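Chemist: Next comes the sequence, and after it the predicted model I'd like to discuss.
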Amino acid sequence: MSNVLTTKRNIIAFVAAILIAIAVSSSVAAASAFNFGFADENGVPNSHADAFIVKDAEINGNTVTITLRDASILGGLKVNGVQANRSAASDGNVEYTFTVADFDGLTDVELEVFAAPPHGGYMPMKLYWN
């Protein structure tokens, strides 16, 4: 009886480990409906930041343009420490154009948010690419 219980526990633990591995590996890729998304500093998808995405990023070689909603509360965007070009549109959205060297990993960004603390200032995040 002891061997049967041990085998069942091992099977349950193995299945749980497989499910966790699948969930972790697909969580970033499945988090955004667009071809990019925001993640926190640890790489965990950030649905709050993703809510500002208007459309897919426009990618031309290594040059990327992303469009976010609500230019009135979004300031600059630093990508790997370099300030992106920012342009506010008449529809209230804001476009950022910058260069990305590697679309295989996470891209470090800091998005300036005009809001009351602790949500104001440059917010460190990451971009991931689907």
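Modeler: Structure received.
Chemist: Tell me what D108 is bridged to.
Modeler: Per DSSP bridges, the residues bridged to D108 are K126.
Chemist: That one: neighbouring residues, count only.
Modeler: For D108, the neighbour count with other C-beta atoms under 10 Å is 14. The C-beta positions use only the backbone N, C-alpha and C, and glycine is treated the same way.
Chemist: residues contacting it?
Modeler: By C-beta atoms under 8 Å, 6 or more residues apart in numbering, the residues touching D108 are 79-81, 124, 126.
Chemist: one more time with 10 Å, if that's ok
Modeler: Residues near D108 by C-beta atoms under 10 Å, 6 or more residues apart in numbering: 41, 78-81, 124-127.
Chemist: What average pLDDT does stretch 83-95 get?
Modeler: Confidence for stretch 83-95, expressed as mean pLDDT, is 96.
Chemist: Apologies, that question was intended for stretch 48-61.
Modeler: 97.
Chemist: Stretch 105-117 now?
Modeler: In this model, stretch 105-117 has a mean pLDDT of 93.
Chemist: Now that stretch: buried residues?
Modeler: 106-107, 109-113 (16 or more other C-beta atoms under 10 Å).
Chemist: now swap in stretch 91-106 and tell me
Modeler: For stretch 91-106, burial by neighbour count (16+ other C-beta under 10 Å) applies to 93-98, 100, 103, 106.
Chemist: just to revisit the earlier point, including distance to V54, could the buried residues of stretch 105-117 go into a markdown table?
Modeler: Formatted as a markdown table, the buried residues of stretch 105-117 follow (distance: C-beta to C-beta, whole Å):
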| residue | distance to V54 |
| --- | --- |
| L106 | 21 |
| T107 | 18 |
| V109 | 17 |
| E110 | 20 |
| L111 | 14 |
| E112 | 18 |
| V113 | 16 |
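Chemist: what about the residue sitting nearest the centre point of the chain, which helix or strand?
Modeler: When C-alpha atoms, centre = their mean is applied to the chain, the residue found nearest the centroid is F38 (1.9 Å). Per DSSP states H and E: F38 is located in strand 36-39.
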